[in-house]
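K.L.:
Need coordinates for the following:
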Amino acid sequence: MPKTQTRFVCSECGYASPKWMGRCPDCGKFNTLAEEPVSPAPVPKKGASKPASPRAVPLSQVKFEKFERVSSGNPELDVVLGGGIVRGSLILVGGDPGVGKSTLLTEVASHLAKEHKVLYLSAEESCSQVRLRCERLGLDGDLLLLNETCFEDAEEAFYEAEYVVIDSIQAIYTETLSSAAGSVGQVRECAAKIMRIAKSRGITFFIVGHVTKEGTLAGPKVLEHIMDAVLYFEGERTENFKILRAVKNRFGSVQEVGVFEMTESGIYGVSDYASLFLSDSRGIAAGAVVTPSETGNRCMMVELQTLMAKTAYGLPRRMSLGVDANRLIVLIAVLEKRCAVPLGTQDVYLNAMGGIRLNEPSADLAVCAALVSAERELAVDRYTAVFGEVGLTGEVRGVSFAEKRVNECVKMGFRRVVLPAKNMKACEKFKGKIELVPVNYVSQMIKSLFPSGK
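P.N.:
Below you'll find the predicted structure:
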């Protein structure tokens, strides 16, 4: 009997090696190489006729296919998908545990089940648990429920439905591989089989994907490449408001985001999101600054709050929620070196209101303003907004969509906005509606907001 050949595949990046290594040489992660059997390629039979190779077709002769979109029942989700669900597409939804992935897809499946055949494949929950969730959410759509982890056993049920929800891709396995469910090979093979069924039969698949502790989708990158749309749920589990962001969409723009509110009766889209991330105490307490954040095609006013306390140890703590912790450390160093703001003996805590995550550098200047406000114990006016990117030399760089940010400040009733001087030309038309304070350096921002000093 021939010996079974195996290889070691990285669960993070898909790198394959003939032997085990403690550290993946491709992505640099430790203890991510898992053993998988290598299936030999099938040997063609002698005398078997080779199928005809497909011929290339000129672009002018390709028939234009009009994609039909179906509403998901949630306007915010339709916006993220580019106008609705495209028939025969693969949609991957990822996010932290408990963020609301299963709740959202259960509501979508129930809405579609009123006019279409919808199958909900629950590989992690029993059918009774899914029904209990539907009753709790008050859903009346008659879903087809299936509790199965083997792909081959569930394949026939796929052909009977028009829409399929798989919860989750890491929990199902195929019998063609002997590795455990959730491994790189299993996820890749199951995703490939789902893709072939979706494209050949026009069945739409919603797939739930697990994420790693770094916040990226678990499994090989080929999982994201196969999908037509990849959506990420963002937000803290303890916060009611969530952000659904599209990082890939073959049938729409990736600049769209959706705002959702988690309640006891389900998850709902929020259309009036302008003041969701602002508190009533801004302008009263020190350390609170508002910044216009460009999230996709939407501009949101987000409040940053900072708290400082004298450190009890030799090494001060720097903690942040919603803002990259490394970015916070860099901005603290810029304030200490370029602006002589003493923060070396202070514990610094930074929080973005509402659980939103600010990944763009335009929030740098607002973070600096919040830090100085907390250090000097001077509150920033509640009708003042700040935005701009900060460099290591202390200069304030221009940012994109400056005109849109200032326009949002005007609509929200703000009276003054501190912005980069490089964006001043694009925002001159707002001079009669709001006070514009252009700055070239962080020190100029500090003088404009805190003219009296300490």
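K.L.:
The stretch 301-450 of the chain: strands as residue ranges?
P.N.:
318-321, 346-352, 384-386, 389-390, 396-397, 416-420, 435-439 (DSSP state E, counting those that start in this stretch).
K.L.:
Which elements pack onto the fifth one?
P.N.:
Here strand 396-397 touches strand 389-390, helix 442-449, going by 3 or more C-beta pairs under 8 Å, 6 or more residues apart in numbering; DSSP states H and E. For glycine as for every other residue, the C-beta is placed from the backbone atoms N, C-alpha and C.
K.L.:
Wait, a strand at residue 208?
P.N.:
Yes. Residue 208 forms part of a strand when assessed by DSSP: H, G, I helix; E, B strand; the rest coil.
K.L.:
Count the residues that sit near it.
P.N.:
Neighbourhood size, residue 208 [other C-beta atoms under 10 Å]: 22.
K.L.:
Backbone dihedrals for the residue nearest to it when sequence neighbours are not counted, please?
P.N.:
Distances taken as C-beta to C-beta, 6 or more residues apart in numbering put residue 168 closest to residue 208, at 4.0 Å, once the chain neighbours are dropped. Main-chain dihedrals, residue 168, degrees, to the nearest 10: phi -130, psi 170.
K.L.:
give me the number of residues near residue 168?
P.N.:
Neighbours around residue 168, by other C-beta under 10 Å: 22.
K.L.:
among the helices and strands packed on strand 396-397, which is the most enclosed?
P.N.:
Counting by mean count of other C-beta atoms under 10 Å, strand 389-390 has the highest mean neighbour count of the helices and strands packed on strand 396-397, with a mean of 22.
K.L.:
so for it, what's the average pLDDT?
P.N.:
Throughout strand 389-390, pLDDT has a mean value of 96.
K.L.:
Quickly run through the sheet partners of that strand, with directions.
P.N.:
Next to strand 389-390 in the sheet, as set by DSSP bridges, lie strand 396-397 (antiparallel).
K.L.:
how distant is the partner strand from the center of its chain?
P.N.:
Here strand 396-397 is found 27 Å from its chain centre; the criterion is C-alpha atoms, centre = their mean, to the nearest Å.
K.L.:
can you map out the helices along the stretch 101-250 of the chain?
P.N.:
Ranges of helices within the stretch 101-250 of the chain are 101-112, 127-137, 151-158, 184-201, 222-226, based on DSSP state H, counting those that start in this stretch.
K.L.:
out of those helices, deepest packed?
P.N.:
Counting by mean count of other C-beta under 10 Å, helix 101-112 has the highest mean neighbour count of the helices of the stretch 101-250 of the chain, with a mean of 23.
K.L.:
ok and it relative to helix 127-137, angle-wise?
P.N.:
80 degrees (axes from the mean of the first three to the mean of the last three C-alpha atoms, to 10 degrees).
K.L.:
And the pLDDT for residue 327?
P.N.:
For residue 327, the model assigns a pLDDT of 94.
K.L.:
That one against residue 364, yeah?
P.N.:
Yes. Contact criterion C-beta atoms under 8 Å: residue 327 and residue 364 qualify, at 7.3 Å.
K.L.:
For the helices and strands packed on strand 396-397, give me JSON lines that also has distance to residue 337.
P.N.:
Listed next are the helices and strands packed on strand 396-397 as JSON lines, based on distance: least, C-beta to C-beta, whole Å:
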{"stretch": "strand 389-390", "distance to residue 337": "12"}
{"stretch": "helix 442-449", "distance to residue 337": "11"}
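K.L.:
out of the ones you listed, which comes closest to residue 27?
P.N.:
Of all those, it is strand 389-390 that lies closest to residue 27, at 28.5 Å by C-beta to C-beta.
K.L.:
Contacts for the closest one next, please.
P.N.:
331, 334, 361-362, 364-365, 368, 396-399, 420, 442 (C-beta atoms under 8 Å, 6 or more residues apart in numbering).
K.L.:
now those residues in a markdown table, with pLDDT and distance to residue 374?
P.N.:
Below are these laid out as a markdown table (pLDDT from 0 to 100; distance: C-beta to C-beta, whole Å):
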| residue | pLDDT | distance to residue 374 |
| --- | --- | --- |
| 331 | 96 | 13 |
| 334 | 96 | 16 |
| 361 | 92 | 21 |
| 362 | 94 | 20 |
| 364 | 96 | 16 |
| 365 | 96 | 15 |
| 368 | 96 | 11 |
| 396 | 96 | 20 |
| 397 | 95 | 24 |
| 398 | 94 | 26 |
| 399 | 94 | 23 |
| 420 | 96 | 23 |
| 442 | 96 | 15 |
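K.L.:
Show me which of those are buried.
P.N.:
331, 334, 361-362, 364-365, 368, 396-399, 420, 442 (16 or more other C-beta atoms under 10 Å).
K.L.:
Which of these sits closest to residue 6?
P.N.:
residue 361 (45.1 Å).
K.L.:
Quick one: closest of the helices and strands packed on strand 396-397 to residue 416.
P.N.:
Nearest to residue 416, of all the helices and strands packed on strand 396-397, is helix 442-449, at 8.9 Å by C-beta to C-beta.
K.L.:
And the contacts of that closest one?
P.N.:
Counting by C-beta under 8 Å, 6+ apart, 334-335, 338-339, 341, 365, 368-369, 372-373, 380, 384, 386, 388, 390, 394-396, 418, 437, 439 sit against helix 442-449.
K.L.:
Pull the distance from that helix to the chain's centre.
P.N.:
Counting by C-alpha atoms, centre = their mean, helix 442-449 comes out at 33 Å from the chain centroid.
K.L.:
how about the buried ones among the contacts of strand 389-390 in CSV, adding distance to residue 120?
P.N.:
Below are the buried ones among the contacts of strand 389-390 laid out as CSV (distance: C-beta to C-beta, whole Å):
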residue, distance to residue 120
331, 46
334, 51
361, 41
362, 41
364, 44
365, 47
368, 48
396, 51
397, 48
398, 48
399, 43
420, 49
442, 53
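K.L.:
lowest-confidence helix or strand of the protein?
P.N.:
strand 33-37 (a mean of 77; mean pLDDT, DSSP states H and E).
K.L.:
counting contacts, what elements does that strand pack onto?
P.N.:
strand 6-10, helix 184-201.
K.L.:
right, and those - which one's nearest residue 146?
P.N.:
Nearest of the helices and strands packed on strand 33-37 (C-beta to C-beta): helix 184-201, 14.5 Å.
K.L.:
Which residues does that closest one contact?
P.N.:
So helix 184-201 is in contact with 9-11, 14, 34, 36, 88-90, 151, 155, 158-159, 166, 169-170, 172-174, 176-177, 179-180, 203-205, 207, 218-220, 222-223, 226-227, going by C-beta under 8 Å, 6+ apart.
K.L.:
remind me which residues of the stretch 51-200 of the chain are low pLDDT?
P.N.:
51 (pLDDT under 70).
K.L.:
oh, I was asking about the stretch 251-400 of the chain
P.N.:
Under the criterion pLDDT under 70, the flagged ranges of the stretch 251-400 of the chain are 273-275.
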